[in-house]
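Asker: Below is the sequence, then the predicted model.
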Amino acid sequence: MKVIAIIPAGGKGLRAGNAEKKGIATPKQYLRINNKELIAYTLETFQKNKLINEIIIAAEPTYFDLLVKIINKYRFRKVKLIVEGGRTRQHSVYNALLSSDANENDLIVVHDAARALLPNEVLSNAIKTAKGKGNALVCIKAKDTLIKARKYVEEYLNRDEVYYVQTPQIFKHKDLLKAMNKAFKENFIGTDESMLVQKIGKKINLVEGSVFNFKITTQEDIELFARLTYNSK
């Protein structure tokens, strides 16, 4: 059983507030933070993890050359393919999935490029869970009081039944492919892979995540990430 990581890295990163003077935005995953590209932090975790066999990156062709430079610079030897991303995350993952040489029971590990502080133990635990149970969804239990509201409070939610979904999300190749084919046939675009796999009747196994495994989306996230990684240069 091979374990293949798919890193969708085709997002524009516009919410990160990194627009240049010409109005062109550098996608957040290629920003240099503490002299290292954000995506390099992410790839490093997968390169070092002993359970990962291969890595496939889905990205905009404009950034293929930059990715090759990053891969060579940091010796990310597990990166086997760089494929063209699609118009949505779902399309990007699908393109990578179709480009892989995975067997139907190989594990596909999908992880956001912008979750660059994934602890190695979280990744390993998720892979081990998926090997034993068929899939794994990394998430963290809600700690704060949660409300449903528009302008005013409408309802208080039971936080004991609420989780924040993260990545990686791990599935057998045959299950993820079946789920994606079904979604595209029905013109359905999900927010993540677990939503698609759940729709084909699979029970999704939860694995504990980490607060450090946050998705870098805003300028504040970038500043927090910079502080957390300052002493790791």
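Answerer: Now that the structure is in, tell me what you want to look at.
Asker: in this protein, which strand has the most residues?
Answerer: Longest strand in the chain by number of residues, with DSSP state E as the criterion: strand 163-172.
Asker: List the buried residues in it.
Answerer: For strand 163-172, a neighbour-count test (16 or more other CB atoms under 10 Å) marks Tyr163, Val165, Gln166, Thr167, Pro168, Gln169, Ile170, Phe171, Lys172 as buried. Using the backbone N, CA and C atoms, a C-beta is placed for each residue, glycine as well.
Asker: Against Glu121, how distant is the last one?
Answerer: Think Lys172. 23 Å (CB to CB, to the nearest Å).
Asker: Ok, the first one next?
Answerer: Plainly put, Tyr163 is 19 Å away from Glu121 if you go by CB to CB.
Asker: Kindly report the same for Thr62.
Answerer: 35 Å.
Asker: Counting neighbours, go ahead and name the busier of those two.
Answerer: Ranked by neighbour count (other CB atoms under 10 Å), Thr62 and Glu121 place Glu121 first, with 11 against 8.
Asker: how about the helices in the protein?
Answerer: Using DSSP state H, the helices of the chain run over residues 38-48, 64-74, 89-99, 120-133, 173-185, 193-198, 219-229.
Asker: quick one, the first one and helix 219-229 angle?
Answerer: For helix 38-48 and helix 219-229, the angle between their directions (axes from the mean of the first three to the mean of the last three CA atoms, to 10 degrees) works out to 50 degrees.
Asker: Check the offset of helix 38-48 from the chain's centre.
Answerer: 12 Å (CA atoms, centre = their mean, to the nearest Å).
Asker: packing partners for that helix?
Answerer: strand 3-9, strand 54-59, helix 64-74, helix 120-133 (3 or more CB pairs under 8 Å, 6 or more residues apart in numbering; DSSP states H and E).
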